[in-house]
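Engineer: Requesting a structural model of the entry that follows:
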Amino acid sequence: MAVNTRDTVYQLRQGQLVALADETGWSIAADPVNDDAVRQLLTVMATAPAGSRPTVLIPNTDMLGLYVARVPDIAFDLVEFAENPLTVVYQQGKNLSPVLLDQQPEVAVRRSLNADVQRLLGSLGRGLLIIPFEAQALPLVAEGLVNNRFGTPPATLTKPRILRLGLGGEVEFLRK
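Structural biologist: Just a heads-up that it's a prediction; the model follows:
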């Protein structure tokens, strides 16, 4: 079982899926540019909670421009100053596997608030594509796809707010 950052980064770069725990609970994570890993990750989407979507997990707002084609100015403040988990859905993603972008042009992005996950993302040098399960345990189908886990979920999970942000700064809450 990989518990250290270096081994986990290596596994992700090799196209393996990793179970990842943060403030929202367990997720399955993949390198967002590895087509095979993204294809495998998307197979568990049917077991994700209603309203959940593939999400790019980033360590800070500096990476927003890496995955969002046109970032509204207000996005940086919304994401940077969020004290609770916040997933923002943008109109058009980029620098992600075509396997994902051909399926949905929108991209959901969340900044991790977990220090260990932020270190992992910093070591990886890019974001991670996750399917969030927002639970203390992974579904059996997801368990079968991963060999390794990174992190420990907190005793009390925090579900992220989800909002769609338009190019002009229009906000539509999908989950409050």
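Engineer: quick one, strands of the chain?
Structural biologist: 18-22, 25-30, 55-58, 86-90, 107-111, 128-132, 149-150, 161-165, 171-175 (DSSP state E).
Engineer: Okay, buried residues for the fourth one please.
Structural biologist: I take that to be strand 86-90. 86-90 (16 or more other CB atoms under 10 Å). Placement of C-beta: from N, CA and C, glycine included.
Engineer: Next one: the residue nearest to Lys159 when sequence neighbours are not counted from Phe81, what distance?
Structural biologist: Leaving aside its sequence neighbours, Lys159 sits nearest to Glu134 (CB to CB, 6 or more residues apart in numbering; 5.4 Å). Glu134 sits 22 Å away from Phe81, going by CB to CB, to the nearest Å.
Engineer: which one of those two has more residues nearby?
Structural biologist: Glu134 (18 against 9; other CB atoms under 10 Å).
Engineer: mind listing what Ser52 touches?
Structural biologist: 131-134 (CB atoms under 8 Å, 6 or more residues apart in numbering).
Engineer: Export the helix or strand of the chain with the lowest mean pLDDT to CSV, keeping only CA atoms.
Structural biologist: One helix or strand of the chain scores below all others by mean pLDDT, DSSP states H and E: helix 140-143, with a mean of 88. Extracted in CSV, the C-alpha atoms of helix 140-143 (Å, rounded to 0.1, in the frame of the first residue of the first chain):
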residue,chain,number,x,y,z
LEU,A,140,-16.9,-2.1,-4.0
VAL,A,141,-16.6,-1.4,-7.7
ALA,A,142,-14.2,1.5,-7.0
GLU,A,143,-12.2,-0.6,-4.5
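Engineer: which residues touch that helix?
Structural biologist: Under CB under 8 Å, 6+ apart, the answer for helix 140-143 is 19, 26, 28, 43-44, 47, 131, 133.
Engineer: For burial, what's the neighbour tally of Ser27?
Structural biologist: Ser27: 29 neighbours (other CB under 10 Å).
Engineer: before we move on, the earlier item: check which residues of the least confident helix or strand of the chain are buried.
Structural biologist: Ala142.
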